[in-house]
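In: model this:
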Amino acid sequence: MTANATNAGLENAKSMSIIVTKGSLDWAYPPFILATTAAAMDIKTTMFFTFYGLPLLLKKLDLQLTALGNAAMKMPMMGMHMGMPNAASMIPGVDAACTRMMKNLMNKKGVASIEDLREAAVDLDVRMIACQMTMDLFEYSLDDMIEGPELGGAATYMESATQSDINLFI
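Out: Numbers count the residues shown, from 1 in each chain. As a prediction, this is how the structure comes out:
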């Protein structure tokens with residue numbers, strides 16, 4: 001493939017939709033990083049927050065790391081990368097400690113916070129849709145959410161998805 005063909009492929013991608021289904025600290029980064037990057041590249045971007053992804057729109061975030069069952073989570077410690085045995089995450093306080101360690105590492109490495117990425121998404125005009133069914137199910141209202149999201153259901157998302165060049169499920 002020539003460089004022109006590769007560039008032409010990028011020029012054709014003018015819209016992207018992302019279904020956001022998870023609301024833990026580690027799962028919050030991919031959709032916000034991809035959405036803000038796409039929007040900064042002038043790609044019209046829509047994020048649809050449903051089920052456990054919906055709390056990422058709450059005014060006050062209390063994000064925790066999901067260490068249990070994540071064999072790929074290995075933290076740099078003592079000059080190596082150490083994993084945590086699944087059994088350790090059952091001990092009270094371990095998830096909180098892992099979350100604190102990850103947030104400290106991200107801060108040390110200059111990784112933007114989810115709050116900062118979320119603000120960037122709003123500033124970059126990323127369309128954020130809060131799933132109406134999930135809002136009703138978990139008894140949230142738009143007053144609980146940051147400024148910017150609109151209410152919509154599966155049909156609202158599908159309207160966006162069928163017009164998007166790129167569709168992601170995260």
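In: going forward, measure contacts between C-alpha atoms and count neighbours the same way
Out: Noted.
In: so how far is residue 132 from residue 40?
Out: Between residue 40 and residue 132 the distance is 28 Å, computed by CA to CA, to the nearest Å.
In: between the two, tell me which one has more neighbours.
Out: residue 132 (20 against 16; other CA atoms under 10 Å).
In: quick check, pLDDT for that one.
Out: pLDDT for residue 132: 97.
In: next one: residue 89
Out: You'll see residue 89 listed with a pLDDT of 65.
In: just residue 101 next, same as before
Out: 85.
In: in a helix, that's where it is, yeah?
Out: Yes. Secondary structure assignment (DSSP: H, G, I helix; E, B strand; the rest coil) places residue 101 inside a helix.
In: element containing residue 38, please.
Out: helix 25-40 (DSSP states H and E).
In: likewise residue 104?
Out: Assigned by DSSP H and E, residue 104 belongs to helix 94-109.
In: share the number of residues neighbouring residue 116, please.
Out: When counting by other CA under 10 Å, one arrives at 12 neighbours for residue 116.
In: angle of the helix holding residue 38 against helix 94-109?
Out: Taking axes from the mean of the first three to the mean of the last three CA atoms, to 10 degrees, helix 25-40 and helix 94-109 form an angle of 40 degrees between their directions.
In: quick one: helix 25-40 to chain centroid distance?
Out: 5 Å (CA atoms, centre = their mean, to the nearest Å).
In: same question, stretch 132-149
Out: Chain-centre distance of stretch 132-149: 17 Å, with CA atoms, centre = their mean.
In: next: stretch 156-167.
Out: Between the centre of stretch 156-167 and the centre of its chain there are 18 Å (CA atoms, centre = their mean).
In: quick one: end-to-end length of it, please.
Out: Stretch 156-167: ends 14 Å apart by CA to CA.
In: helices of the chain, start to end?
Out: Along the chain, counting by DSSP state H, helices occupy 3-12, 25-40, 94-109, 114-123, 132-137, 154-161.
In: ok, residue 92 to residue 98 distance?
Out: Using CA to CA, one obtains 11 Å as the distance from residue 92 to residue 98.
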